[in-house]
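Asker: My questions are about this predicted structure, shown below with the sequence.
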Amino acid sequence: MNWLRPCAALAAAALLGACALLVPAERPAGPGAFDLIGRVAVSYGGRAFASSVRWQHTRERDEIWLLSPVGQTLAHIVGDATGARLTGADRKQYRAASVESLTRQALGWELPLARLAWWVRGEIAPGGAAQGVERDERARLTALIQDGWRVALAHYPLEEHGGLPRRLELAGAASEIRLVIDAWRLDAAR
């Protein structure tokens, strides 16, 4: 019977070691995947732009459709590690190193997509100092200034879309952007 104790200890150690191998690998840094549908309005250089928007975000890729009221694609934007591409309704294509420089070049206004992927989830974007951070009674982010953008957020009630932001108002040096989110879908697996 004395030999059972060491065997049991060895079996327990092997089981714990096997469990340690099942720990998932670290995910790359970045906000989790989501899809959202909403509306965007932009004021820039004395002009204005408004459309419906659909945004699919994963850690590796962003895909954005700017749509007319009848659902026609006005612009399709894809951003990933290789750069950014925009295809207009006329099928004319633009390319740039980032979505920010692409939208500035093709549309005349900058969409701060790298930071917006965090802000739209109600989080401060990493890498840039945030000032004027304000939170509501549930500790949700309601305002901040980061990387030259003043951001104000309004949230859904907790019962609706988990209390995620429903409206963001961004003010930068050359433009103002209002994003109203009508529907959210979060997907932590992507």
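Answerer: Here it is on my side, so go on. Residues are numbered from 1 along each chain as shown.

Asker: What's the local residue count around P126?
Answerer: Number of residues near P126 (other Cβ atoms under 10 Å) recorded here: 11. Bear in mind the C-beta positions are built from the backbone N, C-alpha and C, glycine included.

Asker: W118 is in contact with that one, correct?
Answerer: Yes. Contact status for P126 versus W118: in contact at 7.3 Å, counting by Cβ atoms under 8 Å.

Asker: Poorly predicted segments of this protein, please.
Answerer: Counting by pLDDT under 70, the chain has low-confidence residues at 1-30, 188-190.

Asker: what's the residue closest to the geometric middle of it?
Answerer: A117 (2.1 Å; Cα atoms, centre = their mean).

Asker: my guess is G163 contacts A139, does it?
Answerer: No. Using Cβ under 8 Å, G163 makes no contact with A139, being 10.4 Å away.

Asker: Compare these two and say which is more crowded by neighbours.
Answerer: G163 (15 against 7).

Asker: mind checking how far the more buried one is from A183?
Answerer: Here G163 is placed at a distance of 15 Å from A183 (Cβ to Cβ, to the nearest Å).

Asker: what's the answer for L66, then?
Answerer: With distances taken as Cβ to Cβ, L66 is found 16 Å from A183.

Asker: Please apply the same query to L36.
Answerer: With Cβ to Cβ as the criterion, L36 and A183 are 7 Å apart.

Asker: higher neighbour count, the two?
Answerer: L36 (22 against 10).

Asker: quick one: contacts of the helix or strand containing the more buried one?
Answerer: Here L36, judged by DSSP states H and E, is contained in strand 33-44. Here strand 33-44 makes contact (Cβ atoms under 8 Å, 6 or more residues apart in numbering) with 48-59, 66, 108-109, 120-121, 174-190.

Asker: Following element in sequence after that strand, please.
Answerer: strand 47-57.
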